[in-house]
Structure formats: C-alpha cells, structure tokens
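A.B. asks: A predicted structure for the sequence below; I have some questions about it.
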Amino acid sequence: MRKRINCLGFGILALVLVACDATSEVDTATETSEDSIVVKDIYGEQVLDEIPERVIALEWLYAENLLALGIDPVGVADIEGFETWVDIDAELSDEVIDVGLRTEPNLEVIAGLKPDLIIMLDNRTESVLQELQAIAPTLTYNPYPEEEEGIDQYEEMEDTFIEIAKAVDKVDEAEDVLQELDTIYTEANDTIDQLSLDTTEFTLAMGYTDNQAPVFRLSNPNALAVKILENIGLTNAYDSGNFESAGFATVGVEELTKIEESNFMHIVQDSDNIFEEHLSDNAVWKDLTFVQKDNVFALGGDTWPYGGPLAAKTLVQRTVAVLEED
C-alpha cells in the first residue's frame, strides 16, 4: 500500500513539474509577445520581434518618412535620384548606402548591410519580395490605392506614415509631424485668402519630353498633391473623367485647353525644360488663357508630388511663394 502511495506521490510531483514548465513557457511566450511590434501593411499584420535599428527604404517616400521621424536609414534605393527630385527639410547622411534602383534593388548589397527591416513599394519590387523577406522583415505598401479601396492617396500617406512610425517606435514623433503639417496648411490658407488671385482654381502638372514632344502628367482629383493643395484653400480644375490609380493622366498640349482658366502650376526639370525646348513657338500653348494672363507658376523640378509630410510641406511653401509673387 505504501509503495502505491509513493508512486502516486511521484506522479503528482511529475505533473506539478510539467505544469510549472508549461507555465514558464506561457510566461516566456507572453513576454515575447509583449516585446513584439505589430504593424500593418498591404498583406495584413506583420510582427517584428524588436524595434528595428537598421532600416532600408526601397522607395524615396519611405526614406523621407524615416527622415521625418529622425531616423537615418542604412540604405536607400537610388540616392542620386532622391537628392535630385526630392527637396525636403532633411538630408540623408553621407553614411547611407545606395542599394540599387527602386525597380531593381541590389540584393547582395542589401544583405551585406544586415538590415532588421526593409520597407518597399509593392508594384516596384514585388518580384523579389520573398528574397527580401529572407534577408529581413519586410513591410510593403501601396501609395496608389484603387477606387474600390475607399481611401485616397492622402489618407494612405498618413496611415502608412503612422504604421512606419509604429515599427520604429516613433508614433509620438509622427503625430507631431502631422500636427505641424496641419498648422502649415492653416497658415497657408490664411495667406492665400489675403491674395488677390484671378482664381483659386489650379492645375498641377509634371512636364517632360517624350518622343521629342512635350507631355504633361495632370494631377487628377484623387492625387496626393491635389489633396495637399486643396488643404490650403485651392480648388482642383482638372479631371480626366476616369479614376487614375496613379493620380494623374498623361496628356499633350491640346488637353490643356480644358483647364486654361486655372492657375497652371508645373514641376519641370531644368535639364528638360519643355517650355524653352518645345513650347516657345507652340501656337496652342501661347493661346492658352493662363499663358496670356501670366498665370503659369514654376514650382521647381525638385518639388516631389508623391512624397510624405516633408514633401507636402515643400509643395505648400513653394505654392504660396509663387502665388505671392504674382
């Protein structure tokens, strides 16, 4: 009888030990879960085990977002292009490494940087997503939502900015940046209200040469840049009549007759000055109302209409500046 009791005692002890081990495992799992960071991207919730310290941005927009949060990425795609096209109140450190083209990142260089987070745009590098995920956790975003998604480009910009801020533990800083941007909108709106403009309607165009002819990307109502300028009291004049997921329609000079009563704001590179190269003797261009009234405004080739909060600030400041000079 005593022998049986001893066996029973050992059995109970074993169960207790197993239970303790299980509890320990649960506690450990809970602790790991509490230390993890849950961030959303286009594929749903992504879990990061810890706050990343070595981040690579494969799109200029996300490099800008990191800079806005006070973080220097260790690698950025096409740094030369970023510094040419994107003028913002922050600069990349000289120590940031170029990791190839935005459309064709260099996987070997990326792996060599030992990142703990990669941020990418889905339609540029989707073909190498699995390879990137094998190197480091990867967040994927789409700044050009489709109509059925029920969100415009501006809302997507803000949402993604906050998600990236969550990933790097900078949510408070992100909210401060967005609050500052709202203040800039209010101040710009007040300034524009005091100007004697012919009209508050605008058309935003990015102009360049294609097949030896001038073409324009005219911003559609859903475009990020249009939403930004509407936030300062201006009214968009152009609508292609179709939903443009990229936020613009590419047109020739003749299409500009539809919006000739608006203020024509353009982003054109000095190295491809279509006004001097193609339009100085163009009869259609010269006859447009905004040309006749001198309501053509140059925002500069490094005004980036596809960026984040810092690029939005640049767009607003330059828009107000050119309208004040009119």
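C.D. replies: Cool, the structure landed.

A.B. asks: rest of the way, CA atoms for contacts and neighbours
C.D. replies: Noted.

A.B. asks: what does stretch 148-157 contact?
C.D. replies: Residues outside stretch 148-157 that contact it (C-alpha atoms under 8 Å, 6 or more residues apart in numbering): 143-145, 222-224, 227-228, 308.

A.B. asks: let's see that with 6 Å instead.
C.D. replies: 144, 222, 224 (C-alpha atoms under 6 Å, 6 or more residues apart in numbering).

A.B. asks: who are the contact partners of the last one?
C.D. replies: Taking C-alpha under 6 Å, 6+ apart, we find residue 224 in contact with 153-154.

A.B. asks: so how far is residue 311 from it?
C.D. replies: 11 Å (C-alpha to C-alpha, to the nearest Å).

A.B. asks: do the same with the first one
C.D. replies: Residue 144 sits 16 Å away from residue 311, taking C-alpha to C-alpha as the criterion.

A.B. asks: measure the residue nearest to residue 91 when sequence neighbours are not counted to residue 206 for me?
C.D. replies: Distances taken as C-alpha to C-alpha, 6 or more residues apart in numbering place residue 67 nearest to residue 91, at 7.5 Å, with adjacent residues excluded. Per C-alpha to C-alpha, residue 67 is found 25 Å from residue 206.

A.B. asks: any idea of the mean pLDDT in stretch 134-142?
C.D. replies: Averaging pLDDT along stretch 134-142 gives 97.

A.B. asks: report the buried residues of it.
C.D. replies: 135-142 (16 or more other C-alpha atoms under 10 Å).

A.B. asks: equivalent analysis for stretch 67-84, please.
C.D. replies: Quick answer for stretch 67-84 (16+ other C-alpha under 10 Å): 67-69, 71-79, 82.

A.B. asks: biggest separation within these, which pair?
C.D. replies: 69 and 78 (20.5 Å; C-alpha to C-alpha).

A.B. asks: please go through this structure and pick out the longest strand.
C.D. replies: Looking across the chain with DSSP state E, the single longest strand is strand 201-210.

A.B. asks: name the helices or strands packed onto that one?
C.D. replies: strand 213-219, strand 235-236, strand 263-268 (3 or more C-alpha pairs under 6 Å, 6 or more residues apart in numbering; DSSP states H and E).

A.B. asks: any residues touching the shortest one, and which ones?
C.D. replies: Right, strand 235-236. Contacts of strand 235-236 (C-alpha under 6 Å, 6+ apart): 200-202.

A.B. asks: I'd like those residues as TSV, with neighbour count appended.
C.D. replies: Output for the contacts of strand 235-236, formatted as TSV (neighbours: other C-alpha atoms under 10 Å):
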residue	neighbour count
200	17
201	18
202	23
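
A.B. asks: wait, which of these is closest to residue 91?
C.D. replies: residue 202 (30.1 Å).

A.B. asks: touching, the closest one and residue 260? I think so.
C.D. replies: No: contact criterion C-alpha atoms under 6 Å: residue 202 and residue 260 do not qualify, at 9.6 Å.

A.B. asks: low-confidence ranges in the stretch 101-250 of the chain?
C.D. replies: 125 (pLDDT under 70).

A.B. asks: which non-adjacent residue is nearest the residue most central in space within the chain?
C.D. replies: Most central in the chain under C-alpha atoms, centre = their mean is residue 61, positioned 3.7 Å from the mean C-alpha point. Of all residues not flanking residue 61 in the chain, residue 307 sits nearest, at 4.9 Å (C-alpha to C-alpha, 6+ apart).

A.B. asks: which ones among the buried residues of stretch 134-142 map onto helices?
C.D. replies: Cross-referencing the buried residues of stretch 134-142 against helices under DSSP state H gives residue 135.

A.B. asks: got the domain ranges for this structure?
C.D. replies: 37-169, 180-325 (automatic domain parsing).

A.B. asks: distance of the residue nearest to residue 99 when sequence neighbours are not counted from residue 60?
C.D. replies: Spatial nearest neighbour of residue 99, excluding adjacent residues (C-alpha to C-alpha, 6+ apart): residue 77 at 4.9 Å. Note on residue 77: its distance to residue 60, by C-alpha to C-alpha, is 7 Å.

A.B. asks: distance of residue 247 from residue 148?
C.D. replies: Distance from residue 247 to residue 148, by C-alpha to C-alpha: 14 Å.

A.B. asks: which one of these two has more residues nearby?
C.D. replies: Neighbours per residue (other C-alpha atoms under 10 Å) separate residue 247 from residue 148, with residue 247 holding more: 21 against 6.
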